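> Next input, structure requested:
(one chain, ligands or ions: 1)
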Amino acid sequence: IRVCQKNDFKHLFNLNLDVCSAIPLIETFSRWKFDNSRLKELPLDPEKRNYVRRNVHNAIFSQVPVTPIRSPTLLAVSDDALRNVLNVRPKVTQDSNFVDFINGVFRPENSLTYAHRYGGHQFGSWADQLGDGRANLLGERISFDGKRWEYQLKGSGRTPYSRDGDGRAVLRSSIREFLCSEAMHYLDVPTSRAAAIIVSEDTVMRDQFYDGHPQREKVAIVLRLAESWFRIGSLEILAKGKEIDNLRQLIDFIIENHFKSIDLKDENKYIIFFNEVVNNTAYTIAKWTSIGFAHGVCNTDNFSLLGLTIDYGPFGFLDAYNPGWTPNTSDDEYRYAFNKQAFVGSFNLLKLREALLPLIPHEKLPSVRNILNGFYPLYTRYFNKLYCQKLALIKCEKEDEHIINQLLKMMEGKSADFTMTFRQLSEIRLNIHEQIDIPKTAWALKHLSSHNQFDAWTRNWMKRLEESGLNLNEAKQIMNRVNPRYILRNWISQEAIEMADRGDFSRVRLILDILKNPYKLQKPAEDLKYANRPPKWAKGLKVSCSS
Ligand SMILES: Nc1ncnc2c1ncn2[C@@H]1O[C@H](COP(=O)(O)OP(=O)(O)OP(=O)(O)O)[C@@H](O)[C@H]1O
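This is a model prediction of the structure:
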């Protein structure tokens, strides 16, 4: 443990304790560098003229230069990601090299500009080669806490995987990804992260904005971070192309770097690996469900092999509880609806199992099948555990599952606000006549309380709390640690996007600051009514795959 530097004390008092258990933070960006020895071991496409779309074979990466955006402006940074992942002092963002770095112009020592070749099942069908069509992997680096991070630019130009795309990401989708990936981190959901976002005056055409008409939109680049960007589709394309050596090499690489408990010499290593991915995926989807998050495009190319939430496209958080809701207006069949995410997760894991088949001996296939069959029970266990926490039901027994299901039924019947109902449940009290008392400000709960089963349910729930030895105050403390008050509702990001489009980045920065502490009441968030009933215009907001 290093001795804290003077400046760190102010963070210590904010309880940001980890800053002091670290090597000193880097002060000048020009000295910052990648470690990058491992990624270079993986098969590289020999073609270097990589601006033209083509089918790539026998490679995991293509080397593609970044195409910078014109007159880039730094829109926002995540101080926490800078400190704890890049290990730089946030003031390095004033260094001109920093914006140049995100724009691909300044290349730190050892940096790469790879585009990854992957495939995927999209909306249930095999889509063949997809790949990083607008992203560049810059390299890997170990942060001071020993974690290995892969750095990526999204929106950084065309690659052989761009298909008909222009290689760009528009401002609105970049802001959404930047804010939501950081918000998910603070909500304790396994996720990729974002360190910074730059924007240009350059525009590109997109065919679906608010009113469904083609529009020119500004472009942006996000510096994204993940322990690994490999997806189910990374393995699928190798299996489909019968590139078995590459398949084996990539899985071994992932096991060695990210599944340290698996012995590479173990003859069952691929089965154990599958088991781990199934477990991680079940946990992440249960976490999504517990905070009302719908990913929106759960294709296999968007499902991380580490179980991280990746690719923040047409995602959304539930306002009114409608389990069949999808945030993605392009999803006509509601395949990726909120309540279908576990089903889709198991479909995606089935595709992973298929990709692993060439490496698994025939006699071991039944055990792989059993692992997959265990997905849904595992997901349900995580789901129940997380929902028990949301209601402070610390015993989490069969009876409690009944309480959870009854509450969700009532919420669905009343279209109760998902986030605020859970949050405000902790504010229920019994008055001196033992009657249920809901504060006037608890608008979501007041609404739910008109349900004819609400009183009976509440008393039953309180009885369970009592049986666990908890009084309402203790329950409140537990509940307020897991039920956020602020989430990134579509209307909240929409206002920030419109301001940023006009050159005012203050709202994006403020929202990031608020979402750092989603469980804590904050005045700026209350002033902006972020815990109030969503405004009427929020209902008309649409998000689609066009980004
Ligand atoms: N504007 C674009 N230009 C080039 N390729 C694109 C563009 N938009 C999407 N693609 C490609 O289409 C495929 C599906 O897109 P999707 O939106 O799922 O991914 P993404 O958001 O670009 O990337 P990621 O999954 O890494 O976040 C990917 O191969 C992606 O690279």
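> okay, CA-based contacts and neighbour counts for the rest of this
Will do.
> where along the stretch 151-300 of the chain do the strands fall?
Remark: strands assigned in the stretch 151-300 of the chain by DSSP state E, counting those that start in this stretch are 169-170, 193-206, 215-226, 293-294.
> and the stretch 251-400 of the chain, which of its residues are near the ligand?
Residues of the stretch 251-400 of the chain that fall close to the ligand, judged by CA under 6 Å from any ligand atom: 302, 311.
> Please identify the nearest residue in space to the residue of the stretch 251-400 of the chain found nearest the ligand, excluding sequence neighbours.
Proximity of the stretch 251-400 of the chain to the ligand (CA to the nearest ligand atom) peaks at Asp311, 3.4 Å away. What sits nearest to Asp311 in space, not counting adjacent residues and going by CA to CA, 6 or more residues apart in numbering, is Asn302, at 6.0 Å.
> since we're on the residue of the stretch 251-400 of the chain closest to the ligand, how many residues are nearby?
Using other CA atoms under 10 Å, Asp311 has 20 neighbouring residues.
> In CSV, could you pull the C-alpha coordinates for stretch 130-139?
Output of stretch 130-139 as CSV, limited to C-alpha atoms (Å, rounded to 0.1, in the frame of the first residue of the first chain):
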residue,chain,number,x,y,z
LEU,A,130,-19.8,-9.0,-38.4
GLY,A,131,-16.8,-7.7,-36.6
ASP,A,132,-15.6,-4.3,-35.3
GLY,A,133,-17.1,-2.2,-38.1
ARG,A,134,-16.5,1.0,-36.3
ALA,A,135,-14.2,0.2,-33.4
ASN,A,136,-10.4,-0.1,-32.9
LEU,A,137,-8.7,-2.1,-30.1
LEU,A,138,-5.8,0.0,-28.9
GLY,A,139,-4.3,-2.5,-26.6
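> for it, which positions count as buried?
Neighbour-count burial for stretch 130-139, with 16 or more other CA atoms under 10 Å as criterion, is recorded at 130-139.
> contacts with the ligand among these, please.
Answer for the buried residues of stretch 130-139 near the ligand (CA under 6 Å from any ligand atom): 130-134.
> can you list the strands of the stretch 151-300 of the chain in a markdown table and add mean pLDDT, mean neighbour count and distance to Ile26?
Formatted as a markdown table, these follow (pLDDT from 0 to 100; neighbours: other CA atoms under 10 Å; distance: least, CA to CA, whole Å):
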| stretch | mean pLDDT | mean neighbour count | distance to Ile26 |
| --- | --- | --- | --- |
| strand 169-170 | 98 | 25 | 30 |
| strand 193-206 | 96 | 21 | 15 |
| strand 215-226 | 97 | 23 | 18 |
| strand 293-294 | 98 | 24 | 36 |
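> Select, out of these, the one closest to Glu498.
Glu498 lies closest to strand 215-226 among the strands of the stretch 151-300 of the chain, at 11.3 Å (CA to CA).
> what sits up against that closest one?
Under the criterion CA atoms under 8 Å, 6 or more residues apart in numbering, residues 69, 102-103, 149-156, 168-171, 174, 178, 191-209, 501 lie in contact with strand 215-226.
> overlap between these and the residues near the ligand?
With CA under 6 Å from any ligand atom as the criterion, those include 168-169 near the ligand.
> Assess the claim that Asn136 and Gln152 are in contact.
Yes. In this structure Asn136 lies within contact range of Gln152 using CA atoms under 8 Å: 5.5 Å.
> just for this structure, where's the confidence low?
The model of the chain has pLDDT under 70 over residues 1-23, 208-212.
> pull the longest helix from it.
The helix that spans the most residues within the chain, counting by DSSP state H, is helix 269-290.
> coming back round to it: of all the ones next to the ligand among the buried residues of stretch 130-139, which two lie farthest apart?
Distance extremes for those: the farthest pair is Leu130 and Arg134 at 10.7 Å, using CA to CA.
> okay, and the common contacts of those two?
Ser162.
> Make sure Ile432 is indeed in a helix.
No. Looking at Ile432 with DSSP: H, G, I helix; E, B strand; the rest coil, it is coil, so not inside a helix.
> Reformat the ones next to the ligand among the buried residues of stretch 130-139 as CSV; add secondary structure.
Below are these laid out as CSV (three-state DSSP):
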residue, secondary structure
Leu130, coil
Gly131, coil
Asp132, coil
Gly133, coil
Arg134, coil
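> domains for this protein, by residue range?
Listed by automatic domain parsing, the domain ranges of the chain are 26-229, 233-385, 490-539.
> possible to save these as JSON lines with distance to Ser449?
Listed next are those as JSON lines, based on distance: least, CA to CA, whole Å:
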{"stretch": "domain 26-229", "distance to Ser449": "27"}
{"stretch": "domain 233-385", "distance to Ser449": "15"}
{"stretch": "domain 490-539", "distance to Ser449": "16"}
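> re earlier: looking at the strands of the stretch 151-300 of the chain, which is closest to Asn452?
Nearest of the strands of the stretch 151-300 of the chain (CA to CA): strand 293-294, 27.9 Å.
> Report the strands that pair with that closest one, each with its relative direction.
As defined by DSSP bridges, the strand partners of strand 293-294 come to strand 316-317 (antiparallel).
> Can I get the ones next to the ligand among the buried residues of stretch 130-139 in JSON lines including distance to Gln249?
JSON lines is the format used below for those (distance: CA to CA, whole Å):
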{"residue": "Leu130", "distance to Gln249": "20"}
{"residue": "Gly131", "distance to Gln249": "18"}
{"residue": "Asp132", "distance to Gln249": "20"}
{"residue": "Gly133", "distance to Gln249": "23"}
{"residue": "Arg134", "distance to Gln249": "25"}
